[in-house]
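> I would like the atomic coordinates for the input below:
(one chain, ligands or ions: 1)
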Amino acid sequence: MSKTSLLVVNGATATFDCSFGRGCVGLCCQHGEPSVTPAEYERIRDHLPQVLPHLRPEAAKSLESDDFIGAEIKLGNPMVRVVDGWCLFFNEGCVLHKVGALEGNFSKYKPIQCTMFPLEPNGDGSWYVRQWNHEGEQWNDLFCLNPENTTLKAIDTMAPEIAVAETLGPDFSWE
Ligand code: SF4
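Numbers count the residues shown, from 1 in each chain. Purely as a prediction, here's the structure:
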């Protein structure tokens, strides 16, 4: 079991096994519209030359005439646009994740909302793992949030993401 100082309130029971590429086509990025903080926005914008070659052609083309964020606001910040039903940055996986990983840090460019999924902050320094019918979960048909989908403990499979969460501090919230 992973050693972490992070308090994950349902860590003893929550399960999670991301099956992207093993039966999941990346459903959490389909119509995925993470919002980006000003700092995230600038970081992605400044590295678009590295990102562009990895995008779907239609997503890259859309950037010729438009920004990667749209006018809609979520959690106080503008949301990444969707192109042809998928997050602009999705191309058989998250391009921002891929470019960051190539530079040695998968979370370097990825919006924190995406990096942490399905971990949610409680706003008091503790976190919980999203699971079907837990804490008012809305996404009760996403199979990876079904606690019966796997026996693997989320705090083990999500050790890299939990390590990122540990750097965020006790006052962290999405806004
Ligand atoms: S930024 Fe990456 S992880 Fe987040 S929705 Fe878009 S493709 Fe998916």
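
> give me every residue that touches the residue nearest in space to the middle of the chain.
Central residue of the chain (C-alpha atoms, centre = their mean): C114, 1.1 Å from the mean position. Residues in contact with C114 (C-beta atoms under 8 Å, 6 or more residues apart in numbering) are C28, C29, G32, P34, C94, L96, H97. Glycine gets a C-beta too; all of them are placed from N, C-alpha and C.

> Near the ligand, list only the ones from these.
Restricting the contacts of C114 to those within reach of the ligand (C-beta under 6 Å from any ligand atom) leaves C29, G32, P34, C94, L96, H97.

> The residues you listed in helices, which ones?
If you go by DSSP state H, the ones next to the ligand among the contacts of C114 have L96, H97 in helices.

> Quick check: the nearest residue to C24 once chain neighbours are set aside vs the ligand, distance?
The shortest distance from C24 to any non-neighbouring residue, by C-beta to C-beta, 6 or more residues apart in numbering, is to C144 (6.8 Å). Counting by C-beta to the nearest ligand atom, to the nearest Å, the separation of C144 from the ligand is 14 Å.

> just T157 next, same as before
17 Å.

> That residue touches F16, doesn't it?
Yes. Shown here, T157 and F16 form a contact pair, counting by C-beta atoms under 8 Å, at 5.5 Å.

> Looking at the two, which one has more neighbours?
More crowded of T157 and F16, by other C-beta atoms under 10 Å: F16, with 25 against 16.

> Can you check the pLDDT for the nearest residue to that one once chain neighbours are set aside?
Sequence neighbours aside, A154 is the residue nearest to F16 in space, at 3.8 Å (criterion: C-beta to C-beta, 6+ apart). For A154, the pLDDT comes out at 97.

> same check, this time on K3
65.

> and P34, how many neighbours does it have?
24.
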